[in-house]
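S.K.: Sequence first, then the predicted structure, then my questions.
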Amino acid sequence: MDILIALTEIIGTKHVLEGKDTTRYAHDTTGKYKATPLAVVRPANTDQVCAIVRLANQTKIPIVPVSGNTGLVGGTYAQGAILLSLERLNAIHEIRPDARIAIVEAGCVVATLQDALQAHNLIFPLLFGARGSAMIGGALSTNAGGSNVLRYGNTRALCLGLEVVTPQGEVMNLMSQLHKDNSGYDLKDLFIGAEGTLGIITKAVLKLFPKPNAYATAMVAVPSLKDALTLLNRLQNETAGAVEAFEYMPASYMKMHKNHFPNSRMPFDTNHDVNILVEVATTSPSMAVNDILETTLGTMMQDGLVIDAVIAQNEAQRAEMWERRETAAEVVFALNPRIDSDICVALDKVPDFFELIAPRITRLDPDAYTSCVAHLGDGNMHYSVHPGRDDKQLASQFLEEIEDVVKLLGGSFSAEHGVGLSKRPSMARRKDPVALAAMHQIKTALDPNNIMNPGKVLPD
């Protein structure tokens, strides 16, 4: 009770939530990780965040930051902890078109920033299904990816500077607005992707880009994934790297999507094995991306490298194509039991992954089936196994088989969703032990009382 009183003195009774009032904060998108936090606190500024963190550090009470809570790996699980919501730190402080930067608070919703940039003919190119509720702080904490990574990079590549509250409740000012700054260690990149285990991000300097004046979007069916990569590379060559998205949806996913959304339309009369959503964009008035896309697809069709293609003729058709991809989480989450993975291999190794994993899945469980969508342009696959029975030991075996194949191909078991709770066993099994030791040393040095989102990311 003394802690609750002290929290109330910092931010007021209205913003210290207890009991049932914490429910909407205490579980993530999957619904798998549910907790009862000591309290949910909603500070309004960085000074209040500092005061709360100092209190937590003095009393050695765990503190877990939460933004939009759209994560999938249990990163905001906060049993008995202070759950610090950043939703009130949501201001857009500056948009500077000439410098192409925005200075925003961590609680700013991604889509809110994107909407605000419309008037400046600029974009913040972080594109994923949850952008309407995900916040900048959460995207930075997980180094979120999405469909535009192919052209613009992950969230880390979109950030110039940060303001961070350390585990001691001090403000670390890393708010550089510079593209070049070699003044010592790059601490900014240490906090991005750390999932709140080293400090709490409260503000950021973000890179902006000119808004494309033309998009060319198509659904394309190709004979194989190898042919899909040929298409990607040809389009990159023809457009000087203007491919923004290159998303893979196999026939099995198309069928699942149709079953989940019976009123939706299939992209082709035949449900082909390999379907690609491709989007090319340009800011150059002289580049006719629609013509380039149409010509490239036509040539490849003549060569037998493209089976079928539909190019969006208007914004409604483009939106329909994107809806099919962006509802993937809803479609797959409806299929249970389910073992999810978020893996990445080099682009030319993607076909090898599917070839190698298929017999291993069948050997473990002949009744199992799989679902997958992928950011094929950067090698990131969301590969799920749906076993014939709900068995924890079997689920662990599936994950280890997936990890074995990924390791064989030189890939990673974690691409864009973070580690959180669910991938800590994978960290123990797969991460280089010298790298893990260095991470533990960094954690201990910055957070000796282990109050910052303890039990996440690093294995014991």
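M.R.: That came through, no problem.

S.K.: Does Val332 touch Thr370 like I think?
M.R.: No: using C-beta atoms under 8 Å as the test, Val332 is too far from Thr370 to be in contact (10.3 Å). For glycine as for every other residue, the C-beta is placed from the backbone atoms N, C-alpha and C.

S.K.: Find residues that contact each of those two.
M.R.: Counting by C-beta atoms under 8 Å, 6 or more residues apart in numbering, the contacts common to Val332 and Thr370 are Ser384.

S.K.: more neighbours, those two?
M.R.: Val332 (21 against 17; other C-beta atoms under 10 Å).

S.K.: Which of the three states applies to that one?
M.R.: Val332 falls in the helix class when you classify it by DSSP: H, G, I helix; E, B strand; the rest coil.

S.K.: Same question for the one 10 residues further on.
M.R.: Assigned with three-state DSSP, Asp342 falls in the strand class.

S.K.: OK, contacts around it?
M.R.: Listed by C-beta under 8 Å, 6+ apart, the contact set of Asp342 reads 72, 380-382, 413-417.

S.K.: again with Ile201
M.R.: The contact partners of Ile201, by C-beta under 8 Å, 6+ apart, come to 65, 106, 137, 140-141, 162-164, 191-192.

S.K.: change it to 10 Å
M.R.: Residues in contact with Ile201 (C-beta atoms under 10 Å, 6 or more residues apart in numbering) are 65, 67, 86, 89, 105-106, 136-141, 159, 162-165, 174, 188, 191-192, 194.

S.K.: Over to Ala415?
M.R.: 143, 145, 149, 154, 341-345, 374-375, 378-382, 406.

S.K.: Let me know the pLDDT of the closest residue in space to it that isn't next to it in sequence.
M.R.: Using C-beta to C-beta, 6 or more residues apart in numbering and skipping the chain neighbours, the partner closest in space to Ala415 is Cys344 (3.8 Å). Per-residue pLDDT puts Cys344 at 98.

S.K.: Show me the domain layout of this structure.
M.R.: For the chain, automatic domain parsing gives the domain ranges 2-85, 92-210, 214-329, 337-417.

S.K.: Which of those domains sits closest to Leu458?
M.R.: For Leu458, the closest of the domains of the chain is domain 92-210, at 7.2 Å, according to C-beta to C-beta.

S.K.: Now do the end-to-end distance for that closest one.
M.R.: Domain 92-210 has an end-to-end distance of 18 Å (C-alpha to C-alpha, to the nearest Å).

S.K.: Centre of the chain to it, how far?
M.R.: Counting by C-alpha atoms, centre = their mean, to the nearest Å, domain 92-210 is centred 13 Å from the centre of its parent chain.

S.K.: Keep only those of the contacts of Ile201 that are in helices.
M.R.: 136-141, 188, 191 (DSSP state H).

S.K.: Please produce CSV containing those residues, extended by pLDDT, neighbour count and distance to Ala116.
M.R.: Listed next are the ones in helices among the contacts of Ile201 as CSV, based on pLDDT from 0 to 100; neighbours: other C-beta atoms under 10 Å; distance: C-beta to C-beta, whole Å:
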residue, pLDDT, neighbour count, distance to Ala116
Ile136, 98, 33, 12
Gly137, 98, 28, 17
Gly138, 97, 30, 18
Ala139, 97, 31, 16
Leu140, 98, 25, 18
Ser141, 97, 31, 22
Lys188, 98, 22, 23
Phe191, 98, 23, 24
